[in-house]
Structure formats: C-alpha cells, structure tokens
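Student: I would like to see how this sequence folds:
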Amino acid sequence: MFSRKSLIIIFLFASASLSSQTGGDNIYEFLNLTHSGLISSLGGSNVSISAPNLNTAWHNPALLSSESDGTLALNYVNYFAGINYGMAMYSRSLKNKSNIAAGITYLNYGTFTASDPSGVITGEFHASESALSFIYSYAPDSAFSAGINFKPVISSLESYTSLGFAFDFGASWHNSSGLLSAGFVLRNIGYQLTKYAGEERGKLPFEILAGITVRPEHAPLRFSLTLRHLEKYDLTHDYIDEDNRGNNFTDNLMRHIVVGAEIIPHRNFYISAGYNHQRRSELAAESKMAGTGFSWGFGINTSVISIEFGRASYHLAGSSTHFSVLLKPASVFSRMRS
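Tutor: Okay, here's the model as predicted:
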C-alpha cells in the first residue's frame, strides 16, 4: 500500500506529465519528458531546430547530423518531490551520409514508504523507469534528412516490472541559408511486451508532431512553433462547464501549440523563452495563475563544450530545472595534450 505522502508525490508527478498528453491513461509516459535545457526553455517540445545539438535528436531523430559527430550529451533534471531524471547520449557520423547515436534515459521516482491496509508501515520501496536509445539518421541531400529512434523500455514500480519498446520516426528539412527549417515526427509507436501483474496491456503515449523554426536574416532572433497531438483534435476535458464551452475551440486549438523564442546576440550565447498553453490550462491554479506554462533559459556554446540551463514552471508547487552539458571528448583530450 502507498502511504499518504507517497500518493501526494505520485499525484504531483502525474499532473506534471499531463502537460504533454491526453488523459494520463498511457504507460511509459516518461518517454515524453524533456531533458535538454534548450528544449525545456522553449516550452518543452521542439522538432524543427536545425542546429549542432545532439539533444534535439531525442525529439526528432532526423535532426541527428554530422555536426554532432563525436559529441557526448549529459542531461540532468531536478523534478518534483525528490524525483529526478536524466539522459546520456553519444553520436558518431558514418561515411555514407548517415549518423548514429546511442544513449540511455532514466527516471528515478525516489524512495517510498510502504504500509499495509491498516496503515502500519512495513518498510520502503523504490520505483524507476529507463530506456535505451538507438538513433539512425540519413541525409540524401543537403536539405532533407530522415531518422529513426529505437527505444527498449524497462519499468520497475515496487515489485512490478514491465518491458516494452517504442519507435520514433522523423523527417527534417531546412533551406540552403539555414534560416528556415521544419520537422515532422511520429513518436512512441510501440508495444508493451510484459504487463504489470494484474493489469491490462497498456497503450504507449503515441503522438504526431510538426514544427517550424524561423531565423530572420538580419536579426539575432530565432522563433519556433510546434504543433502537438495532431492525431487527436480534442485535448480539452469533459469537466469544462457550459459557460465556457463557447471558448472551447480557441482553447483547444491553443493546447496543440507550443511557441519558443531565442535571442542570440553572439554565436556562443543565447537567451530563450517559451510558452506551453496545454500545461498552463491543466495545471494553473484558479486563485493564482503565476508563470505556469512559461519557461526560460540560457546557454553558452564553444567549439569544445556547450552548457544549457532551462527552467519550466508547471504549478505553484514548483518548477523543473534542467542542466545539459554537450562536449566533444576528442577535442578536450587533444587540447589537454597540447
């Protein structure tokens, strides 16, 4: 049995996860979590940024490019109520216009207090989920690329374990100047191989996304618009009262949209911000909306190492903090020898 404290922690996590899905009735929801400091600061979702950033390949495998050759990405996220998660990934370029990357992502729910039906504490238990990631991308020409991400999954919740797998299929395009790029992704197509004891076989959090990123030619700015859950029109809930049903169309439309903007005064530095309307609609408190749904961050980029920081506001109860480090080990070692 869960203690009251355990139930509160799980409720907070589930509520935060609902910002990127359609009801919370899926398994392996951690596959939708955002690791990158940059992507989290842009609203938590982006499939179109064409940049030498290995972390973008998690959101769209087609964005894995030769510019990330030999890059190691390390991500850590301080979530809510003792929950944390992260991802490590490494990439290499091949000679036939192809690129590969491999990594692992984990989610640690922390330690919980176990009790019997009468409330007597019987000990503690742990819960965690993780997935491997094997990404392959191919660029037939300088403008277009396609990619696939294969994700074997293991979920361990107390004494219950489940195994499964998921695939992401993505496509990316950018113009010759690099000022306009677009992406399209079919995410989390998969199957639960082994079920939790006593449970029905679950559905994975399948999603269709599309996005566009624009950078004005003579301005240090970059804007992104991402459309989420294109496979489902209605992202609102049945509990919306009759007085607000007239505004349903606009609200539902906005729930599909995530917007982000970056100020890039120098190629080695950026400041970013984003807005996720679905997150704000589902998690903001009526008494005080505050900054729920908004996010911000900054980053420092060099030829050897890049550091990203992102912070996203989910609820009055707290925000998530994202740290990312991307480095090229070969370049680091060569500079140390010199």
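Student: for the chain, identify the residue most remote from the centre.
Tutor: The centre of the chain is farthest from one residue, residue 118, which by C-alpha atoms, centre = their mean lies 39.3 Å away.
Student: sticking with it, tell me its helix or strand.
Tutor: For residue 118, there is no enclosing helix or strand under DSSP states H and E.
Student: how about the one 5 residues further on?
Tutor: Of the helices and strands defined by DSSP H and E, residue 123 is found in strand 121-138.
Student: what's the mean pLDDT across that strand?
Tutor: Confidence for strand 121-138, expressed as mean pLDDT, is 94.
Student: list the buried ones in that strand?
Tutor: For strand 121-138, a neighbour-count test (16 or more other C-beta atoms under 10 Å) marks 127, 128, 129, 130, 131, 133, 135, 136, 137, 138 as buried. (C-beta placed from N, C-alpha, C; glycine too.)
Student: now it - C-alpha only, PDB.
Tutor: Provided in PDB are the C-alpha atoms of strand 121-138 (Å, rounded to 0.1, in the frame of the first residue of the first chain):
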ATOM      1  CA  ILE A 121       4.500   0.900   8.000                       C
ATOM      2  CA  THR A 122       6.100  -2.200   6.700                       C
ATOM      3  CA  GLY A 123       9.300  -0.700   5.100                       C
ATOM      4  CA  GLU A 124      10.300   1.100   1.900                       C
ATOM      5  CA  PHE A 125      10.300   0.500  -1.800                       C
ATOM      6  CA  HIS A 126      11.700   2.100  -4.900                       C
ATOM      7  CA  ALA A 127      10.300   3.000  -8.400                       C
ATOM      8  CA  SER A 128      12.200   3.800 -11.600                       C
ATOM      9  CA  GLU A 129      11.900   3.600 -15.300                       C
ATOM     10  CA  SER A 130      14.600   3.600 -18.000                       C
ATOM     11  CA  ALA A 131      15.000   3.300 -21.800                       C
ATOM     12  CA  LEU A 132      17.900   2.700 -24.200                       C
ATOM     13  CA  SER A 133      18.000   4.800 -27.300                       C
ATOM     14  CA  PHE A 134      19.500   3.800 -30.700                       C
ATOM     15  CA  ILE A 135      19.200   6.600 -33.300                       C
ATOM     16  CA  TYR A 136      20.000   6.400 -37.000                       C
ATOM     17  CA  SER A 137      19.600   9.300 -39.500                       C
ATOM     18  CA  TYR A 138      20.300   9.600 -43.200                       C
END
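Student: kindly state the beta-bridge partners for the closest residue to residue 325 other than its chain neighbours.
Tutor: Spatial nearest neighbour of residue 325, excluding adjacent residues (C-beta to C-beta, 6 or more residues apart in numbering): residue 74 at 4.8 Å. With DSSP bridges applied, residue 74 shows beta-bridge pairing to residue 88, residue 325.
Student: give the contact list for residue 74.
Tutor: If a contact means C-beta atoms under 8 Å, 6 or more residues apart in numbering, then residue 74 has 86, 87, 88, 324, 325, 326, 327 as its contacts.
Student: now it: how far from residue 322?
Tutor: 12 Å (C-beta to C-beta, to the nearest Å).
Student: same question for residue 117.
Tutor: Distance from residue 117 to residue 322, by C-beta to C-beta: 39 Å.
Student: residue 113 too?
Tutor: Taking C-beta to C-beta, one finds residue 113 at 28 Å from residue 322.
Student: over to residue 81?
Tutor: For residue 81, the distance to residue 322 - C-beta to C-beta - is 17 Å.
Student: these two: which is more packed in?
Tutor: residue 322 (28 against 17; other C-beta atoms under 10 Å).
Student: pretty sure the more buried one contacts residue 75?
Tutor: Yes - with contact defined as C-beta atoms under 8 Å, residue 322 reaches residue 75; the gap is 7.0 Å.
Student: got any residues that touch both of those two?
Tutor: What both residue 322 and residue 75 touch, as defined by C-beta under 8 Å, 6+ apart, is the set 35, 36, 37.
Student: looks like the last one contacts residue 326 (just checking).
Tutor: No - at 9.8 Å, residue 37 and residue 326 do not qualify as touching, with contact defined as C-beta under 8 Å.
Student: cool, thanks, talk later.
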